[in-house]
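A.B. asks: Mind folding the following:
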Amino acid sequence: MTGFSSRAAILTGATRGIGNGIFRALISRGVRVATLYHRDDDSARAFIQAAAAAGVQSHIARVDVADLGQLEAFVTSSLQAFGRLDYPINNVGVNIFKPISDLSVEEWRISQDIMLNAPFVLSRLVLPAMRAQRFGRIINIGGSSRNYLHGQPGVAAFGVHKAALMVLTRTLALEEIPNGITVNMVAPGSTKDAGDVPEGQRIPIDRIPLGRRVEIEEVVEAVLYFLSEKSASVTGQCLGVNGGLST
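C.D. replies: Next up, the predicted model:
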């Protein structure tokens, strides 16, 4: 089996923003896609319709990604639907931007569950199937509007958990490369039309060396590279798509 056709993906956050861009790129290449959604029934219907229009099988479940106990049933049902899982893509995030003094314990926990614990749990759940296949491409979507590994004021919940996700990516990459599984991160910078918080409120254009915001399609192309056959020797890497913002 080569190329994208006949592959199957689990993609969190596939109904909007960067995740939706990844979803549409995958189904255009014949990849079957499973996702979960929390509340937006209209977006869920659009997901199903887009896959059907592309002639690609899809699977969707109403699951709160922060409810970690529900993820095992979702992975099991995805495996039952597709018979295999090749591309786990941990994309869903939450934008909580506050200084630590204003950050509640509940906000911290929500951020950790969505951006760090859910990728950990989902990756762990899909490993047996990918080990049996001797193939897998895990992609974690990070963030590189700032250098979060060095610490940044006002973004503790987001920055700490994205930095931890990078360490998780590198650790899992070293553990699983003997099993034919690669693990990489794509870290978008300030991306146009990607999140709930308008980018103009967070990152002024004049702070971006490129002079413009990243397009969703540019992030998608980086993901596709890590999924491709040509990236078989690439693992534990973080590719920042950010216009030089965190350099």
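
A.B. asks: okay, CA-based contacts and neighbour counts for the rest of this
C.D. replies: Fine.

A.B. asks: Check the offset of the helix or strand encompassing Arg109 from the chain's centre.
C.D. replies: Using DSSP states H and E, Arg109 sits in helix 105-112. Relative to its parent chain, helix 105-112 has a centroid offset of 19 Å by Cα atoms, centre = their mean, to the nearest Å.

A.B. asks: Give the full set of residues in contact with the residue positioned nearest the centre of the chain.
C.D. replies: Centroid-nearest residue in the chain, with Cα atoms, centre = their mean: Asn91, separated by 2.1 Å. Contact analysis of Asn91 by Cα atoms under 8 Å, 6 or more residues apart in numbering lists 11-14, 18-19, 140-141.

A.B. asks: What's the local residue count around Ser231?
C.D. replies: If you count neighbours by other Cα atoms under 10 Å, Ser231 ends up with 13.

A.B. asks: Just give the nearest non-adjacent residue to it, would you?
C.D. replies: Tyr225 (6.5 Å; Cα to Cα, 6 or more residues apart in numbering).

A.B. asks: Mind listing residues that contact the host helix or strand of that neighbour?
C.D. replies: Using DSSP H and E, Tyr225 maps to helix 216-227. Contact partners of helix 216-227, identified using Cα under 8 Å, 6+ apart, comprise 17-18, 21-22, 25, 87, 137, 139, 184, 186, 188, 191-194, 231, 234, 239, 241.

A.B. asks: Sort out which of these are buried, if you could.
C.D. replies: Neighbour-count burial (16 or more other Cα atoms under 10 Å) applied to the contacts of helix 216-227 gives 17-18, 21-22, 25, 87, 137, 139, 184, 186, 188, 191-194, 239, 241.

A.B. asks: Mind checking which of the contacts of Asn91 land in helices?
C.D. replies: Of the contacts of Asn91, the ones assigned to helices by DSSP state H are 18-19.
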